[in-house]
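here is my input; please provide its structure:
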Amino acid sequence: DARRLAAEGAARRAAETREQELQGLADQLRQQKQELETSTLDAEDARRQANESLARADEANRAKSQFLAAMSHELRTPLNAIGGYTDLLAMGLSGPVTPQQQEQLARIRRSQEHLLGIINDILNFSRLEAGRLSYNIMPVGVQDVVESVTHMIVPQAKAKGLQLDDRGCRVETRVLADRAKMEQIVLNLVSNAVKFTPAGGKITLSCVVKRGKVVITVLDTGSGIPADKLDAIFEPFVQVGRTLTTARDGAGLGLAISRELARGMGGDITADSRIGVGSEFKLVLPENQP
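Sure, this is the predicted structure:
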C-alpha cells in the first residue's frame with residue numbers, strides 16, 4: 001500500500017508539473033500570437049502609409065512637371081518675341097541703327113538665347129520625368145554625328161584658343177539611336193569640355209567599338225572634377241563646376257538630360273576625371289550590327 005501510495009503521489013506530482021508546463025507553453029503561444037497579430041497590423045499599417053506616401057510623391061512629381069511645362073511655355077512665348085523684335089531692330093526696319101546700338105542688340109539677343117536654352121532644358125527634363133518623350137530609333141552613322149557637332153563647336157573652340165582633335169570613327173560604324181537626341185548629347189559633352197577647359201587646352205574626340213557597343217569619348221585637359229562629385233554632376237540642377245568657387249551658366253540640367261536620353265536609347269554616359277589633368281566622358285550606345 002505504501003509503495004502504491006508513493007507511486008500515485010509521484011504520478012500526481014508529475015502530472016501537475018506537466019500541466020504547469022503545458023499551461024506555460026499555452027501562455028507563451030498566446031503571447032506569440034498576440035505579438036504576431038500586432039506585428040502584422042504594424043506591417044499592414046506601414047505598407048499602407050508607404051503606399052500613401054508614394055502616391056503623394058507621384059502626385060507632387062506630376063504637379064511639378066505640369067508646373068514646369070506650363071511655366072516653360074509661358075516664358076518661351078515672350079522670349080521668342082524679344083528675339084524677334086531684336087532682330088527687327090538690328091535689321092534697321094524701324095530706322096538707322098548705330099554700331100553701338102548693334103552691339104547692344106547683339107547682347108540682348110545672346111541673353112535671350114541663353115534664357116531660352118535654360119527654359120528648353122527645364123521643359124525637356126520635365127518631359128523626361130513624365131515619360132512623355134518618344135524616340136525614333138534607327139541606324140545612325142557615328143562619324144556623321146561627330147562631324148556635325150564638330151562644325152558647330154569649332155568657332156567656340158577657336159575663340160577660346162583650344163585645340164580640337166577629331167580622331168573620328170570608321171565611316172561604316174553605326175549605332176541604333178535617335179539621331180537628333182544623339183547629336184544633342186554629343187554637343188552637350190563637347191560644349192562642356194569647351195566651357196571648362198582653360199585657354200590653350202585640348203579637346204579630343206574618338207570612338208571605338210567594343211562587344212556590340214560603340215563608345216564615343218570626349219577627353220579634355222581641363223582642371224578636372226573631384227572624385228566625390230563625379231556622381232553628383234549627373235543629378236538635375238547640379239552645376240558641373242570644375243572649380244567650386246566659380247559661377248557657371250545654365251541650370252545644371254545638361255548632363256542629367258544627356259544621361260537620361262542615352263539610357264532611353266539603350267546606352268549610358270560615364271565620367272572619369274583627375275584634378276589638374278582633365279576629364280573624360282564616354283557615351284555608350286548599342287552598335288547597329290548587320
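
check which helix or strand residue 215 maps to.
Counting by DSSP states H and E, the element that carries residue 215 is strand 213-220.

return the list of strands paired to that strand, each annotated with direction.
strand 202-210 (antiparallel), strand 278-286 (antiparallel) (DSSP bridges).

what's in contact with the last one?
What that stands for is strand 278-286. 175-177, 182, 185-186, 189, 192-193, 196-197, 201, 212-225, 242, 258, 262, 265-273 (C-beta atoms under 8 Å, 6 or more residues apart in numbering). No exception for glycine: its C-beta is placed from N, CA and C like everyone else's.

flag every buried residue along stretch 215-233.
By neighbour count on 16 or more other C-beta atoms under 10 Å, the buried set for stretch 215-233 is 215-225, 229, 233.

then stretch 102-117?
Those would be 105, 108-109, 112, 116, for stretch 102-117 by 16+ other C-beta under 10 Å.

which of those residues lies closest to residue 81?
residue 112 (9.5 Å; C-beta to C-beta).

spit out the contact partners of the closest one.
When contacts are counted by C-beta under 8 Å, 6+ apart, residue 112 touches 79, 82-83, 86.

let's see it at 6 Å
79, 82-83 (C-beta atoms under 6 Å, 6 or more residues apart in numbering).

turn the residues you listed into TSV, including neighbour count.
Formatted as TSV, those follow (neighbours: other C-beta atoms under 10 Å):
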residue	neighbour count
79	17
82	16
83	17
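
where do the strands of the stretch 51-200 of the chain begin and end?
Assigned by DSSP state E, counting those that start in this stretch, the strands in the stretch 51-200 of the chain fall at 138-141, 163-166, 174-177.

which parts of the chain are helices?
Using DSSP state H, the helices of the chain run over 2-90, 99-130, 142-159, 179-196, 254-264.

what average pLDDT does the last one get?
I take that to be helix 254-264. Helix 254-264 carries an average pLDDT of 90.

and if you look at the second one?
Per-region confidence: helix 99-130 scores 81 on mean pLDDT.

re the thing from before, looking at the contacts of residue 112, which is nearest residue 170?
residue 83 (40.3 Å).

skipping adjacent residues, who's closest to the closest one in space?
Leaving aside its sequence neighbours, residue 83 sits nearest to residue 112 (C-beta to C-beta, 6 or more residues apart in numbering; 4.7 Å).
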